[in-house]
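Novice: Please find the sequence and the predicted model below.
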Amino acid sequence: MPHLDFSQPPFDVLSLAERQSIRKNTQIRYLAKNESLPAEELQCLYVVIKGQIEQSLDGEFVASYVGSNHADGLNNNDWFDSRRLPESLTKDNKLDPESTSIQPYQFRANEDTLLLQVAGTAIDKISAQNHLVRQMLSDKLPERLKALRQRRHNKTLDPASYTNQQEVQQIMLQPVIDVHLLPVHIVDANDSLYEAARIMTKAGLKHVLVRPLHGLSGSQTAQHETRLLLGILTDTDICRAVSDRQDPAITPCQRYANFNLRTIKASDEIGDALLTMTRYRIHRLPVIDKSGDVVGVLGQSDMLAHIGHHSQLISIQIEQAQDLSSLDTAVELIGRYIRAQHHNGVKIGNISRMVQTLNAQVFTKLWQLIVPDEVMANTCLIVMGSEGRGEQIMRTDQDNALIIRDGYRHSDLAQFSDTFNTHLATLGYPLCDGNIMMTNPMWRQPLKQFTAQINLWFSNSDPMHGIYLSAILDGEYVCGDESLLTQVRQHLKLAHQQADPMFVRQFARAALQFGDVNQWWQKFVPLLGGKSASSDIDLKKAGIFPLVHGIRTLALENNVLDVPSTKARLKGLVQVDAMTQERADTLLEALEFFMAQRLSVALSTDDKHARQVDPTTLTALERDLLKECLAVVKSFKNQLRQHYQLEIA
């Protein structure tokens, strides 16, 4: 009889004893064409040796599982756990609170089919002892995606290297409090620079924190004093005072301290601290505990020594670039960084957010090389679309705009914008096909005209206006006067409040316009003459866009408009009780799976857009997760359809 292939998931992580146990509890199961698995046999895990099984729910197609006779070029057979319930489709759905009781899937043979049937009790016993098997067969989508990331590690790295890279990944997820923190030393704002320098020297530090003039009395402890808004004074600030010919003995610290202080929570991840330092070009972050007290100061050198990360080196390369050629070198380093991080199994969300930060530095440096300081001070450069959301990893296209301070004019603004977009294209960021760039006068306007344009978008049913509104909702600051973008976001809230209540309902339609997920997955159903000629699935249309736009719509409805990223929007929706945390986590994991698949396509092919994935090139585990993520999209679209009472199929 055929035997289980222990070189393929989920059986390739079994010990010798576990393999023997599986063999004892495995038997052949034959299904004739159109025969279904009876309810009493939905307690097993099945491997399709030959033939084809169609999975459905209440008569509606869900997925197809095939054997080796339908899998040209595949080195594994599809498998499915018949015990898995469609909880991800109906559970925890605040948009559809009256969901019906969960029904099991149905499995029917589309042709004479041969299966290996593994007893569920044997699988449960092994899962209780083997966490890798438990992850791969989990009911929770995030757990199965985690298993996939771990498997990619094992395949691409030798054991020693894998251990080292796993350590790096785990370190990035550790809380900031795990890093050696510099001690807290506080001076009063009216203390002299000399006194601050004396404390720095004695403590062996290059900074002190500065208490504002309205601080607490000297009898209170430093821990309680740090509840106040603090500033920071560095040795560089003291050198600046000396160069200004100030007398350190009588010059107060307040005159040279920086009170626009960035901080980080002790519970935040080290990766978040790295992003903050990289984005704002700072070297020290006061660390705040749950009580609001400063428990230490995170120094950049200590953090870099702790994690051995190299994105900071790219940041330095960008900062030191003096021309387009040297900036191009830095951009190429970003590409290598993406490939290395993906190769090492770093979670796609962490990669994309760091890439967004590095890209923003590239855009800032390029704009600085082009425009005079007065233009920088009177404009705000923003990026939009996936770049604005922090979800664009490949350099697909540009989406940018320039908000101009009311009353400011410069005769060369159009030329500056054209040069900027052209140079970005030279660096490998393609021009936007939809012309959503600041070379387009519509995306290069004074603040007042920008807000008037937003009013028009909210009051008109033109489909293009929905696209434009989506773009500006995803807007993220790059450089210049950030207050201009803040005012745009404030106006978005006001314009939405004044808009027709039915606007959001119409806005949601776009998330449903690409049709049912079934139509996409059925492309993979093999035909009698072999594989379908058009089996590829468009990851953007079938997965990414419905999730992104649907979540964007819910965020608009609930006035979650201060953040452009899908992750932050989901967090905001949970906070306003519009979605449960579990549902938000599932949607985010599905989105990041699609993003990771796109990146894999981009790194392994010449497809610059990297939208199409051929399911026959995926492993059985990847195909299973793709089906599950597409099912998550389908359920989310159904929720949107019901919530907004839309009839689009």
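Specialist: Thanks, I have it. Numbering: from 1, shown residues only.
Novice: Any idea which residue is closest to the centre of the chain?
Specialist: The centroid of the chain falls nearest to residue 349 when counting by C-alpha atoms, centre = their mean (3.4 Å).
Novice: so who does that residue touch?
Specialist: Contacts were defined as C-beta atoms under 8 Å, 6 or more residues apart in numbering; by that measure residue 349 touches 567, 588, 592. Using the backbone N, CA and C atoms, a C-beta is placed for each residue, glycine as well.
Novice: and those residues, which are buried?
Specialist: 567, 588, 592 (16 or more other C-beta atoms under 10 Å).
Novice: just the residues you listed now: which is nearest residue 331?
Specialist: residue 592 (23.9 Å; C-beta to C-beta).
Novice: can you give me the helices for the stretch 51-200 of the chain?
Specialist: 87-90, 120-129, 131-136, 141-156, 159-172, 193-203 (DSSP state H, counting those that start in this stretch).
Novice: scratch that, the stretch 451-600 of the chain
Specialist: Counting by DSSP H, counting those that start in this stretch, the helices of the stretch 451-600 of the chain are 463-473, 482-498, 503-508, 517-521, 539, 545-557, 566-575, 581-604.
Novice: Pull the residues that contact the first one.
Specialist: Contacts made with helix 463-473 from outside it, assessed by C-beta under 8 Å, 6+ apart, are listed as 384-385, 388, 399, 401, 434, 436, 442, 453-454, 456-458, 488, 492, 506-507, 510, 549, 552, 555-556, 561, 564.
Novice: Emit the ChimeraX select command for whichever of those residues are buried.
Specialist: The following ChimeraX line selects those of the contacts of helix 463-473 that are buried, judged by 16+ other C-beta under 10 Å:
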select :384,385,388,399,401,436,453,454,457,458,488,492,507,510,549,552,555,556,561,564
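Novice: pLDDT weak spots in the stretch 451-600 of the chain?
Specialist: Scanning the stretch 451-600 of the chain for pLDDT under 70 picks out 514-535.
Novice: for the stretch 101-250 of the chain, same thing?
Specialist: 101-102, 152-172, 214-228.
Novice: If we use 90, what do you get?
Specialist: The stretch 101-250 of the chain contains residues with pLDDT under 90 at 101-105, 112, 114, 127-180, 212-230.
Novice: wait, which of the helices of the stretch 451-600 of the chain is closest to residue 205?
Specialist: Once C-beta to C-beta is applied to the helices of the stretch 451-600 of the chain, the stretch that comes out nearest is helix 482-498, at 30.3 Å.
Novice: Give the buried residues for that closest one.
Specialist: 484-485, 487-488, 491-492, 495-496.
Novice: So which of these is the closest to residue 274?
Specialist: Using C-beta to C-beta, these come closest to residue 274 at residue 485, 23.9 Å.
Novice: Hmm, the closest one is touching residue 382, no?
Specialist: Yes - here residue 485 reaches residue 382: they are 5.7 Å apart, a contact under C-beta atoms under 8 Å.
Novice: which residues in the stretch 151-300 of the chain form strands?
Specialist: Listed in chain order, the strands of the stretch 151-300 of the chain (DSSP state E, counting those that start in this stretch) span 186-188, 207-211, 231-234, 264-265, 284-288, 294-299.
Novice: Comparing those, which stretch has the densest surroundings?
Specialist: strand 207-211 (a mean of 24; mean count of other C-beta atoms under 10 Å).
Novice: Sheet partners, orientation included, of that strand?
Specialist: strand 186-188 (parallel), strand 231-234 (antiparallel) (DSSP bridges).
Novice: Let me have these in CSV, adding distance to residue 426 as columns.
Specialist: As requested, these are exported to CSV (distance: least, C-beta to C-beta, whole Å):
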stretch, distance to residue 426
strand 186-188, 49
strand 231-234, 38
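Novice: about what we covered before: mind putting the helices of the stretch 451-600 of the chain into JSON lines with distance to residue 275?
Specialist: JSON lines is the format used below for the helices of the stretch 451-600 of the chain (distance: least, C-beta to C-beta, whole Å):
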{"stretch": "helix 463-473", "distance to residue 275": "22"}
{"stretch": "helix 482-498", "distance to residue 275": "17"}
{"stretch": "helix 503-508", "distance to residue 275": "31"}
{"stretch": "helix 517-521", "distance to residue 275": "33"}
{"stretch": "helix 539", "distance to residue 275": "26"}
{"stretch": "helix 545-557", "distance to residue 275": "21"}
{"stretch": "helix 566-575", "distance to residue 275": "13"}
{"stretch": "helix 581-604", "distance to residue 275": "17"}
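Novice: show me what contacts residue 209?
Specialist: 184-187, 226, 230-233, 286, 294, 297.
Novice: could those go into CSV alongside distance to residue 618?
Specialist: As requested, those are arranged in CSV below (distance: C-beta to C-beta, whole Å):
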residue, distance to residue 618
184, 52
185, 56
186, 57
187, 60
226, 52
230, 52
231, 54
232, 50
233, 56
286, 46
294, 49
297, 47
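Novice: just those now: which is nearest residue 64?
Specialist: Using C-beta to C-beta, the shortest approach to residue 64 within the contacts of residue 209 belongs to residue 286, at 55.3 Å.
Novice: What residues are bridge-paired with that closest one?
Specialist: residue 297.
Novice: if I look at it, how far off is residue 241?
Specialist: Applying C-beta to C-beta, to the nearest Å, the value for residue 286 to residue 241 is 22 Å.
Novice: Kindly report the same for residue 208.
Specialist: 14 Å.
Novice: just to revisit the earlier point, quick one: secondary structure of the residue nearest to the centre of the chain?
Specialist: Three-state call for residue 349 (DSSP: H, G, I helix; E, B strand; the rest coil): helix.
Novice: Residue numbering should commence at 22 henceforth.
Specialist: Renumbered: residue one is now 22, and that last one reads residue 370.
Novice: do you know how far it is from residue 166?
Specialist: Distance of residue 370 to residue 166, computed by C-beta to C-beta: 11 Å.
Novice: Tell me which residues are up against stretch 303-317.
Specialist: Here stretch 303-317 has contacts from 197-198, 202-205, 228, 230, 244-245, 247-248, 251, 253, 255, 282-288, 294, 297-298, 318-322, using C-beta under 8 Å, 6+ apart.
Novice: hang on, I meant stretch 159-168
Specialist: Residues outside stretch 159-168 that contact it (C-beta under 8 Å, 6+ apart): 105-106, 108-109, 153, 155-158, 606-607, 610-611, 613-614, 642, 645-646, 649-650, 653.
Novice: Can you say which of those residues are buried?
Specialist: Buried residues within those, defined by neighbour count using 16+ other C-beta under 10 Å: 105, 109, 153, 155-158, 606-607, 610-611, 613-614, 642, 645-646, 649-650, 653.
Novice: Looking at residue 469 now. What's its pLDDT?
Specialist: Looking at residue 469, its pLDDT reads 96.
Novice: I figured it hits residue 425, correct?
Specialist: No - Residue 469 is beyond contact range of residue 425, at 9.6 Å (criterion: C-beta under 8 Å).
Novice: The two: which is more packed in?
Specialist: Each of residue 469 and residue 425 has its neighbours counted (other C-beta atoms under 10 Å); residue 425 has more, 23 against 14.
Novice: does that one really touch residue 400, like I thought?
Specialist: Yes - checked against C-beta under 8 Å, the pair residue 425 and residue 400 is within contact range at 5.3 Å.
Novice: Which neighbours do those two have in common?
Specialist: If you check residue 425 and residue 400 against C-beta under 8 Å, 6+ apart, the residues they both contact are 434, 505.
Novice: buried ones in the helix or strand containing residue 643?
Specialist: Per DSSP states H and E: residue 643 is located in helix 641-664. For helix 641-664, a neighbour-count test (16+ other C-beta under 10 Å) marks 641-662, 664 as buried.
Novice: Tell me, what's the model's pLDDT at residue 667?
Specialist: On the pLDDT scale, residue 667 gets 87.
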